[in-house]
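In: Coordinates for the following, if possible.
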Amino acid sequence: MAGSESLSKMRTKMAFIALLFALLSTGSCSSQVPLVMWSSEGYTLPQLSSPAAGHIISNVQLMAYLNSALGSAPHNVLLFLQDKLSKDDFTRYGGVFGNKQDSAFPNLESALQSSSSPLVLPALSWLGASAVPSLLQEKLGVSPLSVDPDTLEHLRFNASENTLLVINLPYSSGAYLSCKDVLRNNDEVIGKVLNIMKAQSVPYVAIYTGLKPSRVIEEPSLIGQSSMSRSLLQAVVDEVKPPLMFNSTRGPCIMLWAQNLNVSFSDKEWIDLGPSTFASGGSVSTSGSFCNETNSKLVLDYGSSVSPYNPFRLIFSMSQRRYPVSARNWFTLDTVELVFNTLTATYNGSHGIYAPAEYSFHCQNVNNFRNALLVPRTQNATQWRILFTDFQIQGFSILNGTTDFSYASDCAGFFTPGIWMGLITSLLMLLILTYGLHMIMQLRSMDRFDDPKGPCISVPQSE
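Out: Numbering: from 1, shown residues only. Take a look at the predicted model:
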């Protein structure tokens, strides 16, 4: 019994640490606010996959999260809506450097520890955060009720009826109260509201977020624009085509995009399959495609549009599995197949085209002839040249309702030739410095001198 209680305490202590780690691992942005969701004791939120590091949750993705979280959870929702909130508020005032006694969020930390499955979204779009009340109203089918702790004490709730309570929290850094004091007061309000709900034995789901970020970082591109700058009038803006998406019965599961999908047979003229693939009203068909938890296949059937190689199909086969070394799932593009006439050209792409399962893969150039990521596997494959420009693909972990790729894992190596030149030059200079210091340390000063008061040194001379 004591062992299970100790394990439960250790598990709950990790909740607030996970919140702070998630907030620290996300890059700064001028239009992001965090969102924290937890449930009362005895109720468990559905296990939702955490967003990839650096990924900004859009309005559509937030709706998908709320639909999943509120599907089986209590429908008494407490929305703590602060005027301003940023992840920096947690990192600066949350006691992340071991000083827990100085934390401004003791009640929030206690609530996350008591919840078995808190949800942390470190980077939520500013527009998505302002739409949280309307999204909850649409989901629950009730109007929001703005209350304060004093009013809440006199209300009685029915656990079987949907309720949306909005508790507005201020944010001010004026001369009378510091930001930390304001956040500590807001945390006390959160604790008081949760105690009232606990005293009435009403199950609930609580959400803590902000209307807009408390710290806005100006983008360099905006700073550079001034009345003294020059700009090209009526510049032609390239139209960005939406990615090709294959939908299964469970929703979207495969996404593909490329600026150009060029193929060439026996060094003949290049054939660009991009317009037929991504343009509105394109002639490509995805019949024969499928996806599941471990395998995905995208079949692009161009029919007779690629003359004289009719019929013509382009097939991408992907798989994912867990690797114990990295302790995470990775997906690979196993093969790319060109099916033309009655022949098939197969290329192996698993050695260079891979990414974490929750990411997408991106590469500026994917080809089979220079720095090849596609290695010919069959004899027919050597007769074709393939060049995919600005290629991006994702075959797993696509959120329902989204139209954007997940965070992209790029094929470009970190150590570019310029970086290698700098490292080698620095290493050479470091070796020269080390050698010079070593030579200086080998110098020995004279430790024996002639004493003027002593006998003179006699040096006998002989012929």
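In: Only C-alpha atoms from now on, for both contacts and neighbour counts.
Out: OK.
In: now the helices for the stretch 51-200 of the chain?
Out: Listed in chain order, the helices of the stretch 51-200 of the chain (DSSP state H, counting those that start in this stretch) span 59-69, 87-93, 106-114, 126-130, 132-140, 149-152, 179-199.
In: Please produce CSV containing those, extended by mean pLDDT, mean neighbour count and distance to residue 410.
Out: Formatted as CSV, those follow (pLDDT from 0 to 100; neighbours: other CA atoms under 10 Å; distance: least, CA to CA, whole Å):
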stretch, mean pLDDT, mean neighbour count, distance to residue 410
helix 59-69, 78, 18, 23
helix 87-93, 82, 19, 27
helix 106-114, 87, 21, 35
helix 126-130, 65, 20, 27
helix 132-140, 82, 17, 33
helix 149-152, 80, 13, 50
helix 179-199, 88, 18, 39
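In: For these, give me TSV that also has distance to residue 169.
Out: Output for those, formatted as TSV (distance: least, CA to CA, whole Å):
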stretch	distance to residue 169
helix 59-69	22
helix 87-93	14
helix 106-114	14
helix 126-130	14
helix 132-140	14
helix 149-152	11
helix 179-199	6
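In: Among those helices, which comes closest to residue 244?
Out: Among the helices of the stretch 51-200 of the chain, the nearest to residue 244 by CA to CA is helix 59-69 (18.5 Å).
In: of all the helices of the stretch 51-200 of the chain, which lies closest to residue 364?
Out: Closest among the helices of the stretch 51-200 of the chain, using CA to CA: helix 59-69, at 27.1 Å.
In: chain center to the closest one, what's the gap?
Out: Relative to the chain's own centre, helix 59-69 is displaced by 16 Å; criterion: CA atoms, centre = their mean, to the nearest Å.
In: 18 is where my numbering starts, stick with that
Out: Understood, numbering begins at 18; the last thing we discussed is helix 76-86.
In: Which residue ranges make up the domains of this structure?
Out: Listed by automatic domain parsing, the domain ranges of the chain are 24-233, 261-427.
In: so which of the helices of the stretch 68-217 of the chain gets nearest residue 293?
Out: Closest to residue 293 of those is helix 76-86 (CA to CA; 28.2 Å).
In: Now do the closest one: which elements does it pack against?
Out: Applying 3 or more CA pairs under 8 Å, 6 or more residues apart in numbering; DSSP states H and E, we find helix 76-86 packed against helix 143-147, helix 149-157.
In: Show residues contacting the last one.
Out: Here helix 149-157 makes contact (CA atoms under 8 Å, 6 or more residues apart in numbering) with 80, 83, 84, 92, 96, 160, 161, 179, 180, 181.
In: got the contact list for the third one?
Out: Right, the one you point to is residue 84. Residues in contact with residue 84 (CA under 8 Å, 6+ apart) are residue 156.
In: quick revisit: can you lay out the domains of the chain as JSON lines showing distance to residue 471?
Out: Formatted as JSON lines, the domains of the chain follow (distance: least, CA to CA, whole Å):
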{"stretch": "domain 24-233", "distance to residue 471": "68"}
{"stretch": "domain 261-427", "distance to residue 471": "76"}
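In: Just tell me which of the helices of the stretch 68-217 of the chain ends up closest to residue 281.
Out: Across the helices of the stretch 68-217 of the chain, closest to residue 281 is helix 76-86 (CA to CA), at 39.5 Å.
In: give me the low-pLDDT residue ranges for the stretch 368-480 of the chain?
Out: Applying pLDDT under 70 to the stretch 368-480 of the chain flags the ranges 464-468, 474, 480.
In: For it, which segments are assigned as helices?
Out: Under DSSP H, counting those that start in this stretch, the stretch 368-480 of the chain gives helices at 434-458.
In: any chance you could map the strands in it?
Out: Assigned by DSSP state E, counting those that start in this stretch, the stretch 368-480 of the chain shows strands spanning 371-373, 377-384, 392-393, 401-411, 425-427.
In: Residue 101: which of those strands is closest?
Out: strand 425-427 (29.9 Å).
In: what comes into contact with that closest one?
Out: Contacts for strand 425-427 (CA under 8 Å, 6+ apart): 372, 373, 376, 377, 378, 379, 380.
In: and the first one, what does it touch?
Out: Meaning residue 372. Going by CA under 8 Å, 6+ apart, the list of residues near residue 372 reads 347, 348, 349, 378, 426.
In: Show me what the third one bridges to in the sheet.
Out: This means residue 349. Legend: beta-bridge partners of residue 349 under DSSP bridges are residue 336, residue 371.
In: what's the distance between it and residue 430?
Out: Distance, residue 349 to residue 430, using CA to CA, to the nearest Å: 17 Å.
In: These two: who's more crowded?
Out: The residue with more neighbours, out of residue 349 and residue 430, is residue 349; 23 against 6, by other CA atoms under 10 Å.
In: Tell me the confidence at that one?
Out: pLDDT for residue 349: 93.
In: residues contacting the closest residue to residue 200 other than its chain neighbours?
Out: Excluding the flanking residues, the one nearest residue 200 by CA to CA, 6 or more residues apart in numbering is residue 121, at 6.1 Å. Counting by CA under 8 Å, 6+ apart, residue 121 touches 110, 111, 112, 197, 198, 200, 201, 204.
In: can you pull the pLDDT of residue 121?
Out: Here the pLDDT value assigned to residue 121 is 85.
In: for residue 52, same thing?
Out: In this model, residue 52 is scored at 86, pLDDT.
In: Once you drop chain neighbours, what's closest to it?
Out: residue 226 (4.6 Å).
In: Likewise for residue 346?
Out: For residue 346, ignoring the flanking residues on the chain, the nearest one in space by CA to CA, 6+ apart is residue 339 at 4.1 Å.
In: Which of the three states applies to that neighbour?
Out: Per DSSP: H, G, I helix; E, B strand; the rest coil, the local secondary structure of residue 339 is strand.
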